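# Based on what follows, work out the 3D shape:
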Amino acid sequence: MYTIGEVSEMFNLSIPTLRFYDKEGLLLDLERDNSGIRKFNDKTIEALRVIECLKKSGMQIKEIKEFMHWCSLGDITIEKRKEMFLNQKKSIEREIKELEKALHMINFKCWYYDEAIKDSTEKRVKNITPNQMPHEIKTYYDEAHK
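Residues are numbered from 1 along each chain as shown. Presented below is the predicted three-dimensional model:
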């Protein structure tokens, strides 16, 4: 069993955030001792891992709450839960592609400004065509401009 303070440190979450999760009904297996103090067991810790994963994937608390409700309903919601994860997977994959495109542009611009700094001007580098760029830089340029 873990205290709220231990779980706060473990997940780098504030104690008010953990209390909010409890109030919203996200921590289905959370136990309390005789004094009403929250005690986190291994099932609650695993639920927090899933909650944090879903939050990082862009899911709203309302949607996470619905997922946790589905979990409480048992096997009849297995397909719904899998579908939800597949949708989150697709969303993350789209976001990764967008971030990769942004990273390609940043890599290209870092090279561009390195060249401009070497010359103390952008004059030469502005006139470089993609076919005149080093292969790796051309790849960044091409990927950023798709």
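
# need the helix or strand of the chain with the lowest average pLDDT.
Least confident helix or strand of the chain, by mean pLDDT, DSSP states H and E, is strand 31-32 with a mean of 85.

# Sheet-wise, list the partners of it with their directions.
Partner strands and pairing direction for strand 31-32 (DSSP bridges) are strand 38-39 (antiparallel).

# who touches stretch 124-143?
Stretch 124-143 has contacts (C-beta atoms under 8 Å, 6 or more residues apart in numbering) with 100-101, 104-105, 107-108, 111-112, 115-116, 119. All C-beta spots, glycine's among them, are computed from the backbone N, C-alpha and C.

# So what's the residue count around Lys24?
For residue 24 the amino acid is Glu, not Lys. If you count neighbours by other C-beta atoms under 10 Å, Glu24 ends up with 14.

# my bad, Tyr21
Neighbour tally, Tyr21, other C-beta under 10 Å: 22.

# So it sits against Ile15, correct?
No - with contacts counted by C-beta atoms under 8 Å, Tyr21 stays clear of Ile15, the gap being 10.7 Å.

# could you give me the average pLDDT of stretch 100-116?
In this model, stretch 100-116 carries a mean pLDDT of 97.

# Any buried residues in that stretch, and which?
For stretch 100-116, burial by neighbour count (16 or more other C-beta atoms under 10 Å) applies to 104, 107-108, 111-112, 115.

# Please tell me how far that stretch is from the chain's geometric centre.
In terms of C-alpha atoms, centre = their mean, to the nearest Å, the centre of stretch 100-116 is set 24 Å apart from its chain centre.

# what's the answer for stretch 66-77, then?
23 Å.

# what mean pLDDT does that stretch have?
Here the average pLDDT along stretch 66-77 is 94.

# how close does the residue nearest the centre of the chain sit to Ile92?
Geometric centre of the chain, nearest residue: Lys56, 3.2 Å, by C-alpha atoms, centre = their mean. Going from Lys56 to Ile92 by C-beta to C-beta, to the nearest Å gives 9 Å.

# Likewise for Leu26?
21 Å.

# And the two? Which one has more around it.
Each of Leu26 and Ile92 has its neighbours counted (other C-beta under 10 Å); Leu26 has more, 22 against 13.
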